[in-house]
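[1] Predicted model, plus sequence, below.
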Amino acid sequence: MSSSISSSTTINPPYDLFTRRILPLLQSVYDEETAQSLLDRIYEHLAPLLSESLDEDLGKWSQDNILLITYGDSIRREGEKPLATLGRFLRRYLKDTITGVHILPFCPYSSDDGFAVIDYRAINAELGTWEDIKAIAGEFNLMVDLVINHTSSQSEWFQQFKQGTKPGCDYFICVDADSDVSQVVRPRNSPLLVRVETPEGEKHIWATFSEDQVDLNFANPDVFMEFVDILLYYVQAGAKYIRLDAIGYLWKQLGTPCIHLPQTHALIKVLREILQTLNPQIALITETNVPNRENLSYFGNRNEAHMIYNFSLPPLLLNALLQGKSEHLRTWMMSMPPAPLGCAYFNFTASHDGIGLRPTEGLLTDDEYEQLIATMKQFGGKISMRKQSDGSESPYEINISLFEALKGTVKGEDEWQIQRFLCSQTIMMSLEGIPAFYIHSLLATGNDHEKMAQTGRNRSINRHQWNEAQLLARLEDAGSPQAQVLGELSRLIRIRRQQPAFHPNATQYTLHLKKALFGFWRQSMNRDQSIFSIHNLSDRPKKLPLTELNLVCTDPWCDLISGTLITDIYQNLVLDPYQSMWITNKFDSPGG
């Protein structure tokens, strides 16, 4: 046992195990003395909260896990704090549909709709209180953002930096103005270095995303310790998922791309170990909107993120439905490895951000890439740019409501918007992984051009704020897109949650069908249920010979979605435009 812990400190038996797991990781980032000191500080904070078991929980999730992504104020009611409004809406409409809620940053902030955090331990007073958050966490598994790469220029830490006082004066990254930063990978086209006046004169600080979002210096172990404390605060408030925002950019080293550096991966592993000692059921999720191979690296060797965002899915699925063919989607899916044991993909088709284009690199042809961008512009979308190392700009993401993005194809608008959109969501929730629905997907929300004009930010187009009365009126109108989409998706989600073959780690095998059809086979962990998930990506009916599937002759078969029994495993089925089927051998009340 290390002698660096004082004799007055009570030592719990797991200290040796804790040391064996974490000290080597810290030593790969900091010098030995710093690593040991940091280890002891972390353990001292964790000791009163340690879980009874430090063993990994491999049963964190099942097919029953469904998440919602929402801002705290996506639904508003005059005279009421939005978090209270959100909680009531969740209980009324989604209690039997979703199991978890990702409430996007709810702390006081200065820009970027919450991602420039001023105070990590406070709730934005305009949204509500910690009691509102805890009330939602009491009924749904709560996901919170740890905005770890950067903080607001209005934060106390940065004010201390500008005044030259501790601790903030040592929390940020200063570099010479003439430093060569050409190798640094940029997600934005704003200047990387921001000029700041301090008592010691003018300094230039690192700001990956904007001048209001100043990057923190994790070479200083005190910064890492600050975020360990914030993490503990969120866990004690009821968080079951911790999302590491923009985590790929965490560590900076001039002369490198400053993304995905070994120190970043090591610190994520430390955070995973910390969470495991607190509550093995808590999951860590990394947000890295980058090409697929880079994204997959965040699983580590089963020792890093529990979940990674499946960033290639949204643009590839969108492209497949616009083109009416499965070629690139199928090729990508065949190349995806199963998630390691204890890990899972986090599947989504839309979020508060745009549809990332970097994950399509090397996957789409140049012609289809250009068609995708042109079609999105035609449907009211905007294209956000990022700066390349040579100073040029390239498309970074598409900003558009997914419901609007699917109102037609590359041929133009048509009458299949709702069916095409439902097809996209059914594919997403069928894939290996845990599905997450953006609230504006469940509510068939269109482009908010008015809000985008007000803020001057492209991303606002997909961050609409519903008036509660207007939304409820739409949901009571059976003919509205909102009622149709929420009703049918809720039905499909309830069916999905009962199927062991949709466990996040259940077997997945890509089927080779005609190009307008996209299909894959899922098999439950104990191998007693098969589901053939088949989808027509086109605006024409398509024939499916059942001989192209492995329908075992001794089993009964049924399409869970329509409730249709299959009496002849050699027959031909016809899928209507954008129709989906879940053909299974194990069912109770199909179509219910």
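    Nice, thanks for sending it over.

[2] Every contact and neighbour count from this point should use C-alpha atoms.
    OK.

[3] show me what contacts the closest residue to residue 270 other than its chain neighbours?
    Spatial nearest neighbour of residue 270, chain neighbours left out: residue 22 (6.1 Å); criterion: Cα to Cα, 6 or more residues apart in numbering. Shown in contact with residue 22 (Cα atoms under 8 Å, 6 or more residues apart in numbering): 39, 270, 273.

[4] which one of those residues is nearest residue 217?
    residue 270 (16.9 Å; Cα to Cα).

[5] so how far is residue 232 from residue 301?
    In this view, residue 301 and residue 232 are 25 Å apart by Cα to Cα, to the nearest Å.

[6] which one of the two has more residues nearby?
    A side-by-side neighbour count of residue 301 and residue 232, using other Cα atoms under 10 Å, places residue 232 first with 17 against 11.

[7] hmm, back to that, confidence score at the residue nearest to residue 270?
    We have a pLDDT of 95 for residue 22.

[8] Can you tell me the element residue 36 falls in?
    Assigned by DSSP states H and E, residue 36 falls within helix 32-46.

[9] So which bits of that helix are buried?
    Going by neighbour count (16 or more other Cα atoms under 10 Å), the buried part of helix 32-46 is 35, 36, 38, 39, 40, 42, 43, 44, 46.

[10] Contacts only, for residue 252.
    With Cα under 8 Å, 6+ apart, residue 252 has these contacts: 258, 259, 261.

[11] out of those, which are buried?
    258, 259, 261.

[12] Quickly note the distance from the first one to residue 231.
    Distance, residue 258 to residue 231, using Cα to Cα: 24 Å.

[13] With residue 44 instead?
    Going from residue 44 to residue 231 by Cα to Cα gives 15 Å.

[14] Repeat that for residue 324.
    From residue 324 to residue 231 the distance is 44 Å (Cα to Cα).

[15] got it, and residue 21?
    In this view, residue 21 and residue 231 are 19 Å apart by Cα to Cα.

[16] So which of the two has more stuff around it?
    residue 231 (22 against 15).

[17] Tell me which residues touch the more buried one, please.
    Applying Cα under 8 Å, 6+ apart to residue 231 gives the contacts residue 146.

[18] how about it, secondary structure?
    Secondary structure, DSSP: H, G, I helix; E, B strand; the rest coil: residue 231 is helix.

[19] Just give the nearest non-adjacent residue to the spatially most central residue of the chain, would you?
    Nearest residue to the geometric centre of the chain (Cα atoms, centre = their mean): residue 309, 4.7 Å. Using Cα to Cα, 6+ apart and skipping the chain neighbours, the partner closest in space to residue 309 is residue 346 (4.7 Å).

[20] Pairing partners for the helix or strand harbouring that neighbour, with directions?
    Using DSSP H and E, residue 346 maps to strand 344-347. When sheet partners are counted by DSSP bridges, strand 344-347 sits next to strand 307-309 (parallel), strand 434-438 (parallel).

[21] Let me see the mean pLDDT of that strand.
    98.

[22] which other helices and strands contact the helix or strand just after it?
    Later in the chain than strand 344-347, the nearest helix or strand by DSSP H and E is strand 355-356. If you count contacts as 3 or more Cα pairs under 8 Å, 6 or more residues apart in numbering; DSSP states H and E, strand 355-356 packs onto helix 313-323, strand 393-399.

[23] Out of the ones you listed, flag the one nearest residue 369.
    Among the helices and strands packed on strand 355-356, if distance is taken as Cα to Cα, the winner is helix 313-323, at 8.4 Å.

[24] which residues touch the helix or strand following the closest one?
    Next along the chain after helix 313-323, taking DSSP H and E as the criterion, comes helix 327-335. Residues outside helix 327-335 that contact it (Cα under 8 Å, 6+ apart) are 313, 316, 317, 320, 363, 364, 509, 510, 515, 518.

[25] could you dump the residues you listed to TSV with pLDDT, distance to residue 401 and neighbour count?
    Formatted as TSV, the contacts of helix 327-335 follow (pLDDT from 0 to 100; distance: Cα to Cα, whole Å; neighbours: other Cα atoms under 10 Å):
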residue	pLDDT	distance to residue 401	neighbour count
313	96	16	23
316	96	16	24
317	98	15	22
320	98	17	25
363	87	23	17
364	91	22	18
509	97	30	15
510	97	29	17
515	96	26	16
518	98	23	24
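
[26] can you list those residues in CSV and add distance to residue 79?
    Formatted as CSV, the contacts of helix 327-335 follow (distance: Cα to Cα, whole Å):
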residue, distance to residue 79
313, 39
316, 42
317, 40
320, 44
363, 49
364, 48
509, 51
510, 51
515, 53
518, 48
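
[27] Which members of those are the farthest-apart pair?
    Every pair of the contacts of helix 327-335 checked by Cα to Cα; the farthest is 364 and 509, at 21.8 Å.

[28] Closest one of the contacts of helix 327-335 to residue 475?
    Of the contacts of helix 327-335, the one sitting nearest to residue 475 (Cα to Cα) turns out to be residue 317, at 27.1 Å.

[29] For residue 123, which residues are in contact?
    In this structure, residue 123 makes contact with 106, 107, 108, 129, 130, judged by Cα under 8 Å, 6+ apart.

[30] Name the nearest residue to it, sequence neighbours excluded.
    Excluding its sequence neighbours, the residue lying closest to residue 123 (Cα to Cα, 6+ apart) is residue 107, at 4.5 Å.

[31] angle of the host helix or strand of residue 265 against helix 32-46?
    Taking DSSP H and E as the criterion, residue 265 maps to helix 262-278. For helix 262-278 against helix 32-46, the angle by axes from the mean of the first three to the mean of the last three Cα atoms, to 10 degrees is 30 degrees.

[32] pretty sure the residue nearest to the centre of the chain contacts residue 287?
    Yes: here residue 309 reaches residue 287: they are 6.1 Å apart, a contact under Cα atoms under 8 Å.

[33] Wait, residue 420 touches residue 321, no?
    Yes: under the criterion of Cα under 8 Å, residue 420 makes contact with residue 321 at 7.3 Å.

[34] got any residues that touch both of those two?
    406, 537.

[35] what comes into contact with the helix holding residue 265?
    Everything outside helix 262-278 that qualifies as a contact, by Cα under 8 Å, 6+ apart, is 21-22, 25-26, 28-29, 46, 49-51, 53-56, 228, 247-251, 282-284, 298, 300, 303-305.

[36] follow-up on the earlier one: could you dump the strands paired with strand 344-347 to TSV with distance to residue 77?
    Converted to TSV, those look like this (distance: least, Cα to Cα, whole Å):
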stretch	distance to residue 77
strand 307-309	32
strand 434-438	20
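
[37] Could you point out which of those sits nearest residue 389?
    Closest among these, using Cα to Cα: strand 307-309, at 25.6 Å.

[38] residues in contact with that closest one?
    283-289, 295-296, 298-299, 343-348.

[39] Let me know the next secondary structure element after the helix holding residue 265.
    Immediately after helix 262-278, counting by DSSP H and E, sits strand 283-286.

[40] Could you say which helix or strand holds residue 447?
    With DSSP H and E as the test, residue 447 turns up in no helix or strand.
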